[in-house]
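**Q** how does the following fold in three dimensions:
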Amino acid sequence: MSNHFQSCGRRSTTLPAQIAVVLLLAASLGWRLPAQTNPPITSASIVSIRNELTAGGLVQLQFNGSVTASTPLVISTDNTVLDATGFSVTISGNNTSQIFNVASNVHFTVINLTISGGNSIGKTGTAGTAGANGTSTAGNGTSGGTGGAGLGGALFNRGITVLNNCVLENNSATGGAGGTGGAGGNASSGTAGNGGNGGAGGNGYGGAIFNTNSGNLLLNNCTISGCVASGGNGGAGGASGTGTVAGFAGSGGASAIGAGAGIYNLGTLTLVNCTLNNNAALGGSSPAAGGPPQGNGNGLTGANGPNSIGGGICNLGTQTMLNCTFEQNAVTGGNGATGGPGASNRGSGGNGGNGGNGVGGSIYNAGSTSVTNCTFANDAATGGTGGSAGTGIFAGTAGANGSDSGSSIASVSGTFNLHNSILAYPSNGFCASGTVIDQGNNLSSDGTPAFSTTNSFHNLDPQLVPLDDNGGPTLTMALIPGSPAIDAIYDNSAPSFDERSYPRPFGPRSDIGAFEYGSSTNLFLLSGVVMAGNMPFPGVTVHVGNSTSLSGSNGVYSFTLAGGSNASYTVYPGPLGYFSPQSTNVMLMSDITNLNFMATNAAATVTNNLTNHTMQFTFSVVPTFTYRIQAATNLTSTNTPSTNWVDIATNTIGNNTNTLVFVYTNINTNFPQRFFRTVTP
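**A** Coordinates of the predicted model:
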């Protein structure tokens, strides 16, 4: 595979139809040529990159290597373009810094760049202050502060941003931990102070991208992989003070949600020919409950774990997806906290908090979503573990585990339109939950969602090959020969290209999902002639995989097939057993135009019964074919125009007949015809 765009580790095979779609979308965002062209940057200098991005215009990266942004690159000049075409360039956040921050109403375009190791880390909540010490009484500690949100590890977008042929990998949005509660004060001869409660954790939104409600974002031929959105853990409760009467430890703070490991979208989002795989949204964990027991002596119930939503995308805005693959994205709810201790002389330990829910392994939708020719596979939604019961004279109850819903898709509100798409192989639970509107030609490996059109199918294995390099800029999931998704779109509603930008349809109809089976930009001709002796044999069905070609009146058949180093095909005419060779294996590296087959049972034996004035023809036949007996009075050379062949008998052969006997009557001693042959129409 050639590597025109080395920064993405993939090749570009963009076709005119696909280019037109992307340019139309970009134009709708107000994209235009940059006002100025800066001198090319030829060495790995983050200072040079930052300076030119600040100035705006076309910024060209013409070096191979990686640079680290220790603080975000702020894009505040309209119509800025960052282009690394022809080079392998990575901008990294070194897992400590967000990489790009785009201001409102600014047009920003990134081309052929790898964006890696970005991390938007929310601030840790401030620690509570300790209670004052005293003689008979002591002060209580104060609560810790709430952790800050992590928003968009690679990109925080308030503007109009286009990413083309880019890879966003191993980026994170990490919510800050809640602050620790202050310790209770000590009392030398009295009641000690209680510890303060821990602060709540901060949310982690958009492991790779956070798109605000003013943001307009287009991704074309991009990969988002290995990105994580993590909710912050709650802060630990402060320790109790010491004294004649002990205080109580503070309760742990509530942990926070992780959402949209690939993209958290509040605005407008468009994805064309993109792959999101191995992204994970994780809810945080809460420390144990503390505090004074309730009036009945029972310990406090631990905090519930937070939900985790949208392992690939969390959508609360408007999103459109065309020819995209979602694979092995996951959500995991946070664990519930342990219950607080009961009173030492009565009561039970507090109940454990419930685990948080995992909702929408690949997509969580509470906005407007439109999906066309996409593939979802091997996604997971997992609930968090319930917290343990607190200690006490009597046992409390452990918290319940969180639920899982929508291993691939969870549409909890808004609208979700699904068209020409595959849902398959949920790692746990079911493919989809919530209301999904079936717009036709969908296929699910289980009984979800509730399809309603005549050409959408449940409980049908789409027979997908694992994610791999099948050509094009992104990894895709190919279809196994014989997949029910092949040639299964009957209403001509598929786009004219697949995720690889290879043409659709290949064969009589387009395929369901992001991958078009057999399609390639390297198309070659495979053809030959079917013969019966020295005659063309028309009407023979020649097979290549699921495709067939019927030999014409000249015996010629032909296919247009994808070629290349992995393009191995078995070619055979049918029915089997009547042709030589029976089948042929070819590697299609260029046009093959002489792959010929010879019928082996076309010879006839003739018996002339002069007494009864009849002539009998007996010969082996191919079932289901129609045969004709022809005669001629001259035969200057075989099958020349001067030979005047005349039909003298016809017959159609049944399915189970292998030998045919023709009897031609009304022959007399003056019969002028001397030459005979058998042919099929």
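**Q** how about stretch 208-220: buried residues?
**A** By neighbour count, and taking 16 or more other CB atoms under 10 Å as the criterion, the buried residues in stretch 208-220 are 208-212, 215-220. (Glycine included, C-beta is placed from N, CA and C.)
**Q** in those residues, find the pair that's most separated.
**A** 212 and 220 (20.6 Å; CB to CB).
**Q** and the strands in the stretch 351-500 of the chain?
**A** For the stretch 351-500 of the chain, the strands defined by DSSP state E, counting those that start in this stretch cover 358-359, 363-365, 368-372, 375-377, 380-382, 404-405, 409-411, 415-419, 422-424, 432-434, 437-438, 443-444.
**Q** quick one: mean pLDDT over stretch 303-321.
**A** For stretch 303-321, mean pLDDT is 98.
**Q** roughly how far is it from the heart of the chain?
**A** On the basis of CA atoms, centre = their mean, to the nearest Å, stretch 303-321 sits 16 Å off its chain's mean C-alpha point.
**Q** with stretch 176-192 instead?
**A** Here stretch 176-192 is found 50 Å from its chain centre; the criterion is CA atoms, centre = their mean.
**Q** ditto for stretch 76-92
**A** Computed by CA atoms, centre = their mean, the chain-centroid distance of stretch 76-92 equals 26 Å.
**Q** what about it, how long is it end to end?
**A** This stretch, stretch 76-92, spans 20 Å end to end (CA to CA, to the nearest Å).
**Q** show me what counts as buried in that stretch.
**A** Neighbour count says stretch 76-92 has 77-85, 87-92 buried, by 16+ other CB under 10 Å.
**Q** any stretches of the protein with poor pLDDT?
**A** 1-28, 30-33, 35, 546, 564-566, 601-625, 632-644, 648-676, 680-681 (pLDDT under 70).
**Q** quick one on the thing from earlier: in strands only, show me the buried residues of stretch 76-92.
**A** In this view, the buried residues of stretch 76-92 that belong to strands under DSSP state E are 80-83, 89-92.
**Q** can you lay out those as TSV showing distance to residue 357?
**A** TSV is the format used below for these (distance: CB to CB, whole Å):
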residue	distance to residue 357
80	41
81	42
82	39
83	43
89	40
90	36
91	36
92	34
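**Q** nearest residue to residue 406 in space, please, no chain neighbours.
**A** Leaving aside its sequence neighbours, residue 406 sits nearest to residue 433 (CB to CB, 6 or more residues apart in numbering; 3.9 Å).
**Q** now do residue 484
**A** Distances taken as CB to CB, 6+ apart place residue 460 nearest to residue 484, at 5.5 Å, with adjacent residues excluded.
**Q** residue 280 now?
**A** Residue 280 sits nearest to residue 330 (CB to CB, 6+ apart), 4.8 Å away.
**Q** hmm, that neighbour is touching residue 378, no?
**A** No - applying CB atoms under 8 Å, one finds residue 330 not in contact with residue 378, separated by 9.4 Å.
**Q** find the residues that touch each one of those two.
**A** By CB atoms under 8 Å, 6 or more residues apart in numbering, residue 330 and residue 378 have these common neighbours: residue 427.
**Q** longest strand in this protein, please.
**A** Secondary structure of the chain per DSSP E: the longest strand is strand 523-532.
**Q** contacts for that strand?
**A** With CB under 8 Å, 6+ apart, strand 523-532 has contacts from 536-538, 540, 542, 544, 551, 554-563, 567, 569, 571, 573, 579, 586, 588-599, 602, 680.
**Q** strands of the stretch 151-300 of the chain, start to end?
**A** Per DSSP E, counting those that start in this stretch, the stretch 151-300 of the chain carries strands over the ranges 155-157, 160-164, 167-169, 172-174, 204-205, 209-211, 216-220, 223-225, 228-230, 258-259, 263-265, 268-272, 275-277, 280-282.
**Q** for residue 631, find the nearest of those.
**A** Across the strands of the stretch 151-300 of the chain, residue 631 has its closest neighbour in strand 268-272 (65.0 Å, CB to CB).
**Q** and the angle for the closest one with strand 368-372?
**A** Put simply, strand 268-272 runs at 10 degrees to strand 368-372, going by axes from the mean of the first three to the mean of the last three CA atoms, to 10 degrees.
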